[in-house]
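Peer 1: sequence first, predicted coordinates after that:
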Amino acid sequence: MKKILLILVFALGVSVVSVAQDGDEKGNGSRIEALKIAYLTKKLNLSTDEAQKFWPIYNQYMGEIRKTRIDARQNKEGEIPTEEKLLNIRKKYNGEFNKALSSEKVNSFFKAEKEFGTVLQKELMERRMQRMENRKQSFRNN
């Protein structure tokens, strides 16, 4: 039972992260994006010069990633074609990022970006589990 619940929570977390990253009407996407930028800034430890070159490229990159995800959702594309498009965007921007950063930092960026998604999913899952536990306690107390 715990495994099923954990899988369900994880699946919902992935959905929430995807919607949040794509930017929803409530503004949660911008809040998560701000957290992501702070996380990446800390992980990459960019110099002022690197940051001035990197962030405009990053903004273009994220714009293409968002557009691809939104288009895929609207067109009800399959997961494999969507992931292939996202990979092609990452390959394209790998070259662009290499113009602003060392190849080591570009690699660190892609790792940190993936790591952020994992950290975010874990945090969402922990919060959801805490809310469920609080509801159980409230129900038991009534």
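Peer 2: Looks like it came in fine. Predicted, not measured: the structure shown is a model, and the values here were computed from it.
Peer 1: OK, contacts around Glu64?
Peer 2: For Glu64, the contacting residues are 89, 93, taking C-beta atoms under 8 Å, 6 or more residues apart in numbering as the criterion. C-betas here are computed from N, CA, C, even on glycine.
Peer 1: roughly how far out does the helix or strand it falls within sit from the chain middle?
Peer 2: Taking DSSP states H and E as the definition, Glu64 sits inside helix 48-74. For helix 48-74, the separation from the chain centroid amounts to 12 Å (computed by C-alpha atoms, centre = their mean, to the nearest Å).
Peer 1: could you list the buried residues of that helix?
Peer 2: Burial within helix 48-74, assessed by neighbour count using 16 or more other C-beta atoms under 10 Å, is assigned to 51, 53-54, 57-58, 61-62, 64-65, 68-69, 72.
Peer 1: and the longest helix for this protein?
Peer 2: Among the elements of the chain assigned as helix by DSSP state H, the one spanning the most residues is helix 103-141.
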